[in-house]
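Novice: need a structure here:
(chains A and B)
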Amino acid sequence: MPEVAAWLILFLPLASFALISLVIRPIRGAESQTAAYVTIMAIGLTFALSIWALVSTVSAHGESHYPVHTWISAGEFEFAVGILMDPLTAIMLVVVSGVSLMVQIYSVGYMHGDSGYARYFAYMSLFTSAMLGLILANNLIQMFVFWELVGLGSYLLIGFWFDRPAAAAAAKKAFIITRFADFGFLLGILFLFFNGDAFAAQGLNVFVVTDIYKGVELGLLTIGVAQWVALGIFAGAMGKSAQFPLHTWLPDAMEGPTPVSALIHAATMVAAGVFLVARFFPVFELSLVAMNTVAIIGGITAIFAASMGLVMNDIKRVLAYSTVSQLGYMMLALGTGAYGAAIFHLFTHAFFKALLFLGSGSVNHATGTFDMRYMGGLRTAMPWTYITFIIGSLSLAGIVPLAGFWSKDEILTHAFNRGVNGDTISMVVFLLALIAAFMTAFYMFRAVFMTFHGNFKGGAERDPDAHAEHPVHLEESPKSMTLPLIILAVPAIVAGFLANSIFDLGVIPGHWMSHFLDYIPSVHVETAVFSVGIAALSSVVALLGMGMAYLMYIRRVISPEDMPNALRPVHTLLYRKYFMDELYETVVVRHVFYSGICYALDWVDKSIVDKIVNFCGWLGANTGTAIRQVQTGQMQAYGMGISVGILIIFAIFLFLG
Amino acid sequence: MSLENFLVVAAIIFAIGLYGAITKQNAIAVLMSLELMFNAVNISAVAMSRYIVPVSIAQNPQTGADQAVQFLLTGQVFTVFIITVAAAEVALGLAIVLSIFRQRASIFVSDAAELKN
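Specialist: Predicted structure coming up:
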């Protein structure tokens, strides 16, 4: 594929952003439909180009070389931008642009009549463009720029309804937490830069990804350096991918429009962290400490987020915790060395999670609320939404043969095999992942049963917190909304089976994705051996979760009202999200930050910095007053001064010169 | 008559002029003192061109005829030039003194101290 086409992948959405914000919105008005069509066209073309990129990367066996272009040249330092097109990039491009395209089409209907219609599509274009730029970047600096742009895009979109205080607060929270984490990423980059002498000696650029791969192969990175670089990069990834303990922003990000949540959760923002760790996987592999950190944080996040998902009443929050938990899965897969499985799970998860979010948006469109306590019985009114939501839930729960089953199973198999071979940490995260799989199945079917089964409980009319813009009307959403649901349901069923099947499928060879990713230099992707035992175990666990949800919410053998009362402390702990928000708000922000660090900094500012500044001003003013007295205004006095001065200079020359 | 005699006279006149320019209250007297300083400079310039330049030309045989004439005349042309400038300056100075006198009925230099402090 020619270089121009590769650059267009990034620049088409960016052009759409510029066109909407500079031309369409000022001329056609804030509610212009044209904005939506421009965005869909740009991202549709991007999707076509991404497919082309994938096909050409496949036929080139992962080898595509593009020239670099000098961006900054200052003395010895030279910084060049360029495109890296390897199997990881190609797969990510298709996922991001494909999901984004579906979300844009869905948004046409969902955002209809919103006063910020054009602005919404402008931001969506920017956000997609930033994510594509991150994927395509061939060096760390370029990557960091787009990484921050992704953060900006999420800020703008989460706070899209900025007149709602909750949305504005959520946007700030997301931005500050991810920005805080990015500090680690930046430190990692700087640390790598200051330890890059060995790279320069070999003629390699320490910022360029392929050069880092080569450096790792040549042994230019010591384990100590690799460890800190990897941990720094992982810190950035923890923020973006909402890993424990920096996960608190993601559930709050639900304040944005639902399609934004779908985009953030499925393809763009949170996938960025996993992508980043995958991109620097060879560096991580050098350090056991870094790998174990990734695995443990991933495992903890998987179970921790899933447990909170069990008790949430807001359907979007259930999905949000589910995302956090699934991202934990991807991280623990990376941490246990299952590179292929992690990317495979990212790939399948993108489709069914986008589907589920768009489904929850469709439900909201009808009921006006997100609170599942006021839903129920939507099965008959919204058949398409119901069917697609069920497909997404089954896929997420890991029911054979849907997409989620294959990818989750590969992660579990890998962790189990490593664990059996004596790696304790792999065994621990395997168990964590297994418990999380049970919780996943339970909370997803709890959501399905509460939303679609039983009797309708009033929707927005009963929910005091709903922001309903129109009366409750129980009917199927418009075609522009159900169509993306149906389209996304297809990959949610077959993507896992087709992309990384366990045996040859005609034109698609078995383990296609693993073999494709194996083309990346210095990344060794193991093809997981399908294990019937693990598959059966995970299926049983998932079915148990579903069965428990069925017993509680359909048969009511165990009353969902009595259960929390019986386990009151546990329920409160989960419902209040382990008091993490309170911990951050009270302990970290109020005590450590306000009364600790800020107080000290305030003291330093007021009594040292301000004093110095004031002293400088005082000194200037008073010196001026003193010297001013010399200016008498008497010209003859000045003449006297000049003459005496000349005489003194003469004298110096005569007697000393 | 040697160069020293001229230079001593020039120095004495310059010192008198400088003293007058610094001490005299009356602006007219200050202008006159300035004139004295100009003329002291003129005397020394003419004397230099008479005594120093021919010697240096004689010591540097490479100097061509055109250049020699230039060197010889430089001091004297300068003197004429200074006289012209001084005349113009006095005219200007007197005009300023007149307008100051019209405004405040005084030609004392010490009274024009608006730029104090």
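Novice: burial count for A:Leu217?
Specialist: In this structure residue A:217 is Glu, not Leu. Around A:Glu217 there are 11 other residues, counting by other CB atoms under 10 Å in any protein chain shown. No exception for glycine: its C-beta is placed from N, CA and C like everyone else's.
Novice: in a strand, that's where it is, yeah?
Specialist: No: per DSSP: H, G, I helix; E, B strand; the rest coil, A:Glu217 lies outside any strand segment and is helix.
Novice: Can you classify the spatially closest residue to it that is not a sequence neighbour by secondary structure?
Specialist: Leaving out its chain neighbours, the residue that sits closest to A:Glu217 by CB to CB, 6 or more residues apart in numbering or on different chains is A:Ser522, at 5.1 Å. The three-state label given to A:Ser522 by three-state DSSP is coil.
Novice: Could you double-check that A:Ser522 lies in contact with A:Tyr213?
Specialist: Yes: taking CB atoms under 8 Å as the definition, A:Ser522 is a contact partner of A:Tyr213 at 4.4 Å.
Novice: Report the set of residues contacting both of these two.
Specialist: By the contact definition CB atoms under 8 Å, 6 or more residues apart in numbering or on different chains, A:Ser522 and A:Tyr213 are jointly contacted by A:Pro282.
Novice: Which single residue of the stretch 451-600 of chain A ends up nearest chain B?
Specialist: Using CB to the nearest CB, the single residue of the stretch 451-600 of chain A nearest to chain B is A:Ala600, 45.0 Å away.
Novice: Name the helix or strand for that residue, please.
Specialist: Using DSSP states H and E, A:Ala600 maps to helix A:599-604.
Novice: Over to B:Ile16?
Specialist: Judged by DSSP H and E, B:Ile16 forms part of helix B:3-23.
Novice: Mind giving me the packing neighbours of the helix or strand just after that helix?
Specialist: Per DSSP H and E, helix B:3-23 leads on to helix B:27-51 as the next helix or strand towards the C-terminus. Judged by 3 or more CB pairs under 8 Å, 6 or more residues apart in numbering or on different chains; DSSP states H and E, the packing partners of helix B:27-51 are helix B:3-23, helix B:65-104.
Novice: Tabulate the CA atom coordinates of the helix or strand hosting A:Ala5 in CSV.
Specialist: In the assignment (DSSP H and E), A:Ala5 maps to helix A:3-19. What follows is helix A:3-19, C-alpha atoms only, in CSV (Å, rounded to 0.1, in the frame of the first residue of the first chain):
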residue,chain,number,x,y,z
GLU,A,3,2.6,5.7,1.8
VAL,A,4,0.0,8.4,0.9
ALA,A,5,-2.8,5.9,1.6
ALA,A,6,-1.3,5.0,4.9
TRP,A,7,-1.2,8.7,5.9
LEU,A,8,-4.7,9.2,4.7
ILE,A,9,-5.9,6.7,7.3
LEU,A,10,-4.9,9.2,9.9
PHE,A,11,-5.6,12.4,8.0
LEU,A,12,-9.1,11.7,6.7
PRO,A,13,-10.8,11.9,10.1
LEU,A,14,-8.6,14.8,11.0
ALA,A,15,-9.7,16.6,7.8
SER,A,16,-13.3,15.8,8.8
PHE,A,17,-12.7,17.4,12.2
ALA,A,18,-11.2,20.5,10.6
LEU,A,19,-13.9,20.7,7.9
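Novice: For that helix, buried residues please.
Specialist: A:6-14, A:16-17, A:19 (16 or more other CB atoms under 10 Å in any protein chain shown).
Novice: what do you get for stretch A:154-172?
Specialist: A:154-161, A:167, A:170-171.
Novice: hmm, back to that, looking at A:Ser522 and A:Tyr213, which one has more neighbours?
Specialist: For A:Ser522 versus A:Tyr213, neighbours defined as other CB under 10 Å are more numerous around A:Tyr213 (21 against 16).
Novice: any idea which helix or strand comes after whatever helix or strand A:Val294 lives in?
Specialist: Using DSSP H and E, A:Val294 falls within helix A:288-309. Sequence-wise, the next helix or strand downstream of helix A:288-309 (DSSP H and E) is helix A:315-335.
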